[in-house]
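> Turn this into a structure:
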Amino acid sequence: MIQFVETSVDSAEAQELLGEYFAERAVGFPPEQGVYRPTFPSAEQFAGQAGRFLLAREDAPGEAGDGALLGCGGVRRIQRADAGLVRFEVKHLYLRPAARGRGLGRALLAELERRAAELGAEEIVLDTNANLESAGALYQRAGYSDITAYNANPNATNWYGKRLG
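Below you'll find the model as predicted:
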């Protein structure tokens, strides 16, 4: 059974998964874009009314509790320049290689959207890189569409958005 468990981005498990995520991104980063520049998130961005950070776990049949870590992801509130809709951003959506191809990315994304909506989100945005083709396909299948860049992330080439509700 898959569980989504809230945690601090400072927890040992979150730091382990984020480290794997950043290392994988650095290896696969397109050389023509320069060097991948990871930024570990700060805990206050994903706590309280500001956001949530989740671990995806898989418990063995008949067990509940601290199952195998499959991945992570977060949502955080960000400001809109035009002071429009309440906007949250998906960050650091990552699944370990062995967990991919099972629909867990879509399930984790849906759970992040649900948690953001509970915090008042009316719109979800995210950025990604064009070389992450499966990620882009996931976001498009989940109803995200291309939007104008909303940040200056040097690692991003594509920006997506989705209205909630």
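> All the helices of the chain, residue numbers only.
Counting by DSSP state H, residue ranges of the helices within the chain are 12-28, 104-118, 133-141.
> mind checking how far the most centrally placed residue in the chain is from Thr39?
With distances taken as C-alpha atoms, centre = their mean, the chain has Leu93 as the residue nearest its mean C-alpha position (2.9 Å). From Leu93 over to Thr39 the distance is 15 Å, taken as C-beta to C-beta, to the nearest Å. (Each C-beta comes from the backbone N, C-alpha and C, glycine too.)
> in stretch 133-145, what's buried?
135-136, 138-139, 144 (16 or more other C-beta atoms under 10 Å).
> likewise stretch 155-165?
Of the residues in stretch 155-165, those with enough neighbours to count as buried (16+ other C-beta under 10 Å) are 155-156, 158-162, 164.
> Tell me the pLDDT of the closest residue to Gly71 other than its chain neighbours.
By the measure of C-beta to C-beta, 6 or more residues apart in numbering, the closest residue to Gly71 outside its immediate chain neighbours is Leu95, 3.7 Å from it. Here the pLDDT value assigned to Leu95 is 97.
> Who are the contact partners of Leu95?
With contact set as C-beta atoms under 8 Å, 6 or more residues apart in numbering, Leu95 has these partners: 56, 70-71, 104-105, 108.
> go with 6 Å
Applying C-beta atoms under 6 Å, 6 or more residues apart in numbering, one finds that Leu95 lies in contact with 71, 104-105.
> what's the angle between the strand ranked longest in the chain and helix 104-118?
The strand that spans the most residues within the chain, counting by DSSP state E, is strand 68-78. Compare the direction of strand 68-78 with that of helix 104-118 by axes from the mean of the first three to the mean of the last three C-alpha atoms, to 10 degrees and you get 40 degrees.
> and strand 68-78, which strands flank it?
Partner strands for strand 68-78, per DSSP bridges, with pairing direction: strand 51-58 (antiparallel), strand 87-95 (antiparallel).
> and of those strands, who's closest to Val5?
In this view, the strands paired with strand 68-78 are compared for proximity to Val5 by C-beta to C-beta, and strand 51-58 is the closest at 4.9 Å.
> Kindly format the C-alpha coordinates of that closest one as PDB.
Included here for strand 51-58 are C-alpha records, laid out as PDB according to Å, rounded to 0.1, in the frame of the first residue of the first chain:
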ATOM      1  CA  GLY A  51       3.200  24.300   2.100                       C
ATOM      2  CA  ARG A  52       3.800  20.600   2.500                       C
ATOM      3  CA  PHE A  53       6.600  18.200   1.800                       C
ATOM      4  CA  LEU A  54       5.600  14.500   1.300                       C
ATOM      5  CA  LEU A  55       7.400  11.200   1.300                       C
ATOM      6  CA  ALA A  56       6.000   8.400  -0.700                       C
ATOM      7  CA  ARG A  57       6.300   5.000   1.100                       C
ATOM      8  CA  GLU A  58       5.200   1.500   0.200                       C
END
